[in-house]
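Engineer: Need coordinates for the below:
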Amino acid sequence: MKHAAKKIRRGSTAILAMLFLILMTTLSFAMFSMSTLNTQSASNLSDVNRARTSAESGLRWMAYRILKMNRPKTTSGTITASVADALWTNIATAVQTDFGSLVTTSERSVTINGKTITTAPIHSDGDNTTFTLKIQQHPLFTGDTLDQRYIRVTSTGQYGSATRSSYIEFLIDKKIKFAVVGKVEIQLGRNTLVQGPIAMATAGKYPPLLTLSDFQHFDPALKTKIVNYENFLKGTHTAGGQTVANHAGYDGRIATGTDEATYAVSQGYADTNGDNYIDEYDLFLKQYDKNGDKRISQAEFTNSSTGLSYDANLFAAIDSSGGPMYSGDTTRAGLNDGYIDNSDNYAKVFGQIVMATSASGWTSNLASSGQTINDQIGGPVVNKDPTELAVQFGVSASDIMDLSPANFNATCTNYRALSGTGGGAASHTSTVYTNYSVTSANANGTAVVEHTPYGSTTYEATYQRPVFNNVTFKNCTISKGTNALFNGCTFQGVTFVDFGAASGTYNMTNSATHGSGTTVTDSASGTTWSQRMKTGTFSTGTTLTSTNSYGFVDGNNLRFNNCTFNGPVAGTDASAYAHFSNSWEFTGSTMFNNQVDQTATIICPNTNIEMGSFTDPTQSPSTLVGVVVTGNIDIRGTSSVDGSIIVTGDGAGN
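Structural biologist: Numbers count the residues shown, from 1 in each chain. This is a model prediction of the structure:
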């Protein structure tokens, strides 16, 4: 029997081994390549990320410089495309000047080519990361929907070979960043709510700010609770063997989730309205929210023993706050809905408070009184920017604004040009004056003698006034020395009030000199100027007339009673604040309904303004729209200012 021959396969294992070696070698090369590529990609991504971060840093850096640089000024109240276009050269110069202050010489270079500014590379940190800025005014191309009011800042960041660019658009506009700003002490009484930042620019005046609580005057039980809370805020306690303040800062509110809040809760205080803060509003809400729905109705705020509201003005002030600020602005939820609740966002001041004085300086001034700063800042202060202190001290003038009255000269001149014969041909009847320079000779009523301020027990002077009854004035100038009472009159268009000095030692205008040629700027000399007499001796009870008083002839102390202003009222820029001689009073039911220029209602640097009644808070309900520039202003009664108040005088008490 034969057996089949046995087949022997030689070398097959070696072939498989070689195949595996080739496969492993290929995979190794692939893995090496991928590893190298990943490392390179990671490096590239890191470079790109650093370039992007640098570009974003450049935008923030430039935004800060724009905020701090000496920006150009214009007398135009509204920035149009043509006004913005005319400002470009000054803007470019301002940027170039600002960059000249940079520490590194190589970074100061700025190239201006038409409507484009290009900077040198600027290092964003200690390594080779840089950003370059390009600043361009629109329009940038044919069909650009943005006009000359818009400026694009493009920041190109670079790190290594990686570059990334980002840009942001800036709008050239003219707005005051403060709701109230001045050189004298600011006092906010009860039922006075401010929506916007407040600034006091004079370091040596005390108290720089005095705000009164809105919840202490109508309910003794609630007052006791709030006083106890205010004492708690300025008190201390022991924690971990250390003495710590119950609350740091002067904003009157404690944030929940903090050690301060933990201790406050242990002492019986709570965030009643659930807004993540404990403040006196929580005590108010707890007192009157009878059904626990976290809001107070008008019925709940009615005194059961009298059947009257505890304070109807306070209820209305809170419920009506935060209304639309411009045409088309969204109306907030809960506006005037008859309830006080979280939708009303109650705050005594809804914005940051900044002051030139230091906290230590204010504290030192209070030492003899036994009070603290907490005692003089009543009510919660809610800063819109949680990254900044609600109350900030030692703020430089450059971070506030230049309040020199001379800065408003051009604006006053512009308004003057729109009144009197500047408005057109002059004409008049017994009841209508158009484009006219009004004097006391035009009065149609019997002269009266009255104190100024009207109704005050601490009046500063006594005037004999000519009287105008029920007259309509269109684009008229009220000549200096008129010192009239306007009763039931209507003012249309632009009303301009003139005053100054025609004779005597002191010159109260910046346009001419006379007498000794002395132009004064301090309020003490301004008072002396006001009290100059032709005959006799000045006293607050002496009736001033054109016969016996230089201050009467050279100034203009006016009272507007039950009048209507359908346009702005402006006045000459006096070089010094002079109290009563340059003073306007708005009494009775005088109303402002500005239909001419929404940018401003009153422009009268260094003039004293008195609004409202000393005795009846329901009198003189006025609404002022736009900027109000005065030397001093006292607003009493029920009024609303939808704009900014700028106080330029330095001689007023508050």
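Engineer: ranges for the helices of the protein?
Structural biologist: 12-68, 81-99, 220-233, 259-266, 280-288, 312-320, 359-366, 373-376, 409-417, 523-530, 550-554 (DSSP state H).
Engineer: Report the distance from the last one to the chain centre.
Structural biologist: The chain centre lies 35 Å from the centre of helix 550-554; the measure is C-alpha atoms, centre = their mean, to the nearest Å.
Engineer: same question, the shortest one
Structural biologist: Between the mean C-alpha location of helix 373-376 and the chain-wide mean there is a distance of 22 Å, by C-alpha atoms, centre = their mean.
Engineer: any idea of the mean pLDDT for it?
Structural biologist: Averaged over helix 373-376, pLDDT sits at 94.
Engineer: Run through the stretch 401-550 of the chain and note the low-pLDDT ranges.
Structural biologist: In the predicted model of the stretch 401-550 of the chain, residues 500-519 satisfy pLDDT under 70.
Engineer: Sorry, slip of the keys, the one I care about is the stretch 151-300 of the chain.
Structural biologist: Using pLDDT under 70, nothing in the stretch 151-300 of the chain is flagged.
Engineer: For residue 304, grab the count of nearby residues.
Structural biologist: 7 (other C-beta atoms under 10 Å). All C-beta spots, glycine's among them, are computed from the backbone N, C-alpha and C.
Engineer: Now for the residue nearest to the spatial centre of the chain: which residues touch it?
Structural biologist: In the chain, the C-alpha nearest the mean C-alpha coordinate belongs to residue 178, at 1.0 Å (C-alpha atoms, centre = their mean). By C-beta atoms under 8 Å, 6 or more residues apart in numbering, the residues touching residue 178 are 196, 197, 198, 199, 400, 401, 644, 646.
Engineer: Quick one: residues contacting the closest residue to the second one other than its chain neighbours.
Structural biologist: Closest residue to residue 197 apart from its sequence neighbours, by C-beta to C-beta, 6 or more residues apart in numbering: residue 351 at 4.0 Å. For residue 351, the residues meeting the contact criterion (C-beta under 8 Å, 6+ apart) are 179, 194, 195, 196, 197, 198, 382, 383, 384.
Engineer: The longest strand seen in the chain pairs with which strands?
Structural biologist: Longest strand in the chain by number of residues, with DSSP state E as the criterion: strand 600-611. In the sheet, strand 600-611 lines up against strand 569-571 (parallel), strand 582-587 (parallel), strand 627-635 (parallel) (DSSP bridges).
Engineer: most surrounded residue in the contacts of residue 178?
Structural biologist: residue 199 (29 neighbours).
Engineer: For that one, list each beta-bridge partner.
Structural biologist: residue 181, residue 354.
Engineer: now swap in the one 10 residues further on and tell me
Structural biologist: The residues listed as beta-bridge partners of residue 209 by DSSP bridges are residue 186.
Engineer: ok, it to residue 625 distance?
Structural biologist: 25 Å (C-beta to C-beta, to the nearest Å).
Engineer: Please identify which of those two sits among more neighbours.
Structural biologist: Shown here are residue 209 and residue 625; by other C-beta under 10 Å, residue 209 has more neighbours (25 against 19).
Engineer: Verify the stated contact: the more buried one with residue 376.
Structural biologist: Yes - Residue 209 is in contact with residue 376 according to C-beta atoms under 8 Å; the separation is 6.9 Å.
Engineer: picking up where we left off before, please identify which of the contacts of residue 351 is nearest to residue 408.
Structural biologist: residue 179 (18.2 Å; C-beta to C-beta).
Engineer: Run through the residues that contact the closest one.
Structural biologist: 194, 195, 196, 197, 198, 351, 644, 645 are the contacts of residue 179 under C-beta under 8 Å, 6+ apart.
Engineer: where's it relative to residue 113, distance?
Structural biologist: Counting by C-beta to C-beta - residue 179 and residue 113 are separated by 40 Å.
Engineer: ok, how many other residues are close to residue 528?
Structural biologist: 17.
Engineer: how close does it get to residue 534?
Structural biologist: 15 Å.
Engineer: Same check on residue 405?
Structural biologist: 28 Å.
Engineer: So these two - more neighbours on which side?
Structural biologist: residue 405 (24 against 15).
Engineer: need the contact list for that one.
Structural biologist: So residue 405 contacts 573, 574, 575, 605, 606, 631, 648, 649 (C-beta under 8 Å, 6+ apart).
Engineer: So for it, what's the nearest residue that isn't a sequence neighbour?
Structural biologist: Per C-beta to C-beta, 6+ apart, closest to residue 405 is residue 605, 3.6 Å.
Engineer: That neighbour reaches residue 402, doesn't it?
Structural biologist: No - under the criterion of C-beta under 8 Å, residue 605 is not in contact with residue 402, lying 11.9 Å apart.
Engineer: If you count surrounding residues, which of the two has more?
Structural biologist: When residue 605 and residue 402 are compared for neighbours, residue 605 comes out ahead with 27 against 12, by other C-beta under 10 Å.
Engineer: what sits against the more buried one?
Structural biologist: With C-beta under 8 Å, 6+ apart, residue 605 has these contacts: 405, 407, 408, 412, 573, 574, 629, 630, 631, 648, 649.
Engineer: Now restrict these to buried residues only.
Structural biologist: 405, 407, 408, 412, 573, 574, 629, 630, 631, 648, 649 (16 or more other C-beta atoms under 10 Å).
Engineer: Would you mind checking which of those is nearest to residue 137?
Structural biologist: residue 407 (25.2 Å).
Engineer: so who does that closest one touch?
Structural biologist: Here residue 407 is in contact with 73, 605 (C-beta under 8 Å, 6+ apart).
Engineer: From residue 75, how far off is it?
Structural biologist: Counting by C-beta to C-beta, the gap from residue 407 to residue 75 is 10 Å.
Engineer: May I have the longest strand of the chain as CSV, with CA atoms only?
Structural biologist: Taking Å, rounded to 0.1, in the frame of the first residue of the first chain, the C-alpha atoms of strand 600-611 are listed here in CSV:
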residue,chain,number,x,y,z
ALA,A,600,-32.6,120.7,27.4
THR,A,601,-35.3,122.4,29.5
ILE,A,602,-33.3,124.9,31.5
ILE,A,603,-29.8,126.2,30.7
CYS,A,604,-28.6,128.9,33.1
PRO,A,605,-25.1,128.2,34.6
ASN,A,606,-24.5,130.1,37.8
THR,A,607,-28.2,131.1,38.2
ASN,A,608,-30.2,130.0,41.3
ILE,A,609,-33.4,128.0,40.5
GLU,A,610,-36.3,127.6,43.0
MET,A,611,-39.1,125.2,42.1
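Engineer: now the angle from it to helix 409-417?
Structural biologist: Interaxial angle of strand 600-611 relative to helix 409-417 (axes from the mean of the first three to the mean of the last three C-alpha atoms, to 10 degrees): 90 degrees.
Engineer: ok, how many other residues are close to the closest residue in space to residue 200 that isn't next to it in sequence?
Structural biologist: Nearest residue to residue 200, sequence neighbours excluded (C-beta to C-beta, 6+ apart): residue 208, at 4.3 Å. Neighbour count for residue 208, taken as other C-beta under 10 Å: 27.
Engineer: was I right about residue 208 contacting residue 187?
Structural biologist: No - counting by C-beta under 8 Å, residue 187 is not a contact partner of residue 208; they are 10.3 Å apart.
Engineer: got a list of contacts for stretch 216-236?
Structural biologist: With C-beta under 8 Å, 6+ apart, stretch 216-236 has contacts from 190, 213, 215, 243-247, 252, 254, 264, 267, 269, 280, 283-284, 287, 310-311, 314, 372, 374-375, 378.
Engineer: again, 7 Å this time
Structural biologist: Applying C-beta atoms under 7 Å, 6 or more residues apart in numbering, the contact partners of stretch 216-236 are 190, 213, 215, 243-247, 252, 267, 269, 280, 283-284, 287, 310-311, 372, 374.
Engineer: Quick check on those residues: which are buried?
Structural biologist: Judged by 16+ other C-beta under 10 Å, buried ones among these: 190, 213, 215, 246-247, 252, 269, 280, 283-284, 287, 310-311, 372, 374.
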